[in-house]
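**Student:** Provided below for reference: sequence and predicted model.
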Amino acid sequence: MRIHLRAGEKVFLNGAVISFDQKTTLNLLNDVRFLLGSYVLQVEETTTPLRQLYFTIQDALISPIGDAASLCQYTTIMGLIRRAISNIDIHEGLDLIEDQVSRKRYFDALKTLRKLFAIEESILNGEQGCTERDRLEEIANVAA
């Protein structure tokens, strides 16, 4: 696999953070877990349940040694979200994410989650009912 990086761009490679001073191409010659810096969510950005779920999957991807603990936390947050909301689009997305995680397709799960952020935001803004918003806010506070 070949990865093209801009100067200063970061890549997380088997738990290590790598950055280059100049534009470069990185050739990966064997299986490796990696995530480009632009897809990394910082802990202070985990302000909603779906973002917290994203963070646990991200951690499993970039920290292969600790992926069991991350996936345990993922399971807990996933269950809380499923019980808290009834939005069909989110549930369909969560079904897909569970399939992707079960097959260790963590990056695909992250991409699917990113698409759900807008729906979650509309719920949290009260556009889809206060009950679901309240339950999501409660999960965000518990899981933080």
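**Tutor:** Perfect, thanks for sending it.

**Student:** in this structure, where is pLDDT below threshold?
**Tutor:** 127-131, 142-144 (pLDDT under 70).

**Student:** give me the residues contacting stretch 5-12.
**Tutor:** With contacts defined as CB atoms under 8 Å, 6 or more residues apart in numbering, stretch 5-12 is touched by 3, 17-26, 34-38, 40, 61-62. For the C-beta atoms, the positions are set from N, CA and C on the backbone; glycine is no exception.

**Student:** domain ranges for the chain?
**Tutor:** The chain resolves into domains spanning 2-39, 43-143 when parsed by automatic domain parsing.

**Student:** what would the ones you listed look like in TSV with mean neighbour count?
**Tutor:** Listed next are these as TSV, based on neighbours: other CB atoms under 10 Å:
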stretch	mean neighbour count
domain 2-39	12
domain 43-143	17
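
**Student:** closest to the centroid, which residue in the chain?
**Tutor:** Using CA atoms, centre = their mean, the residue of the chain that lies closest to the mean C-alpha position is residue 54, 2.0 Å off.

**Student:** need the nearest residue in space to residue 26, chain neighbours excluded.
**Tutor:** Nearest residue to residue 26 in three dimensions, chain neighbours excluded: residue 3, at 4.6 Å (CB to CB, 6 or more residues apart in numbering).

**Student:** do the same with residue 65
**Tutor:** Counting by CB to CB, 6+ apart, the residue nearest residue 65 is residue 15, at 6.6 Å.
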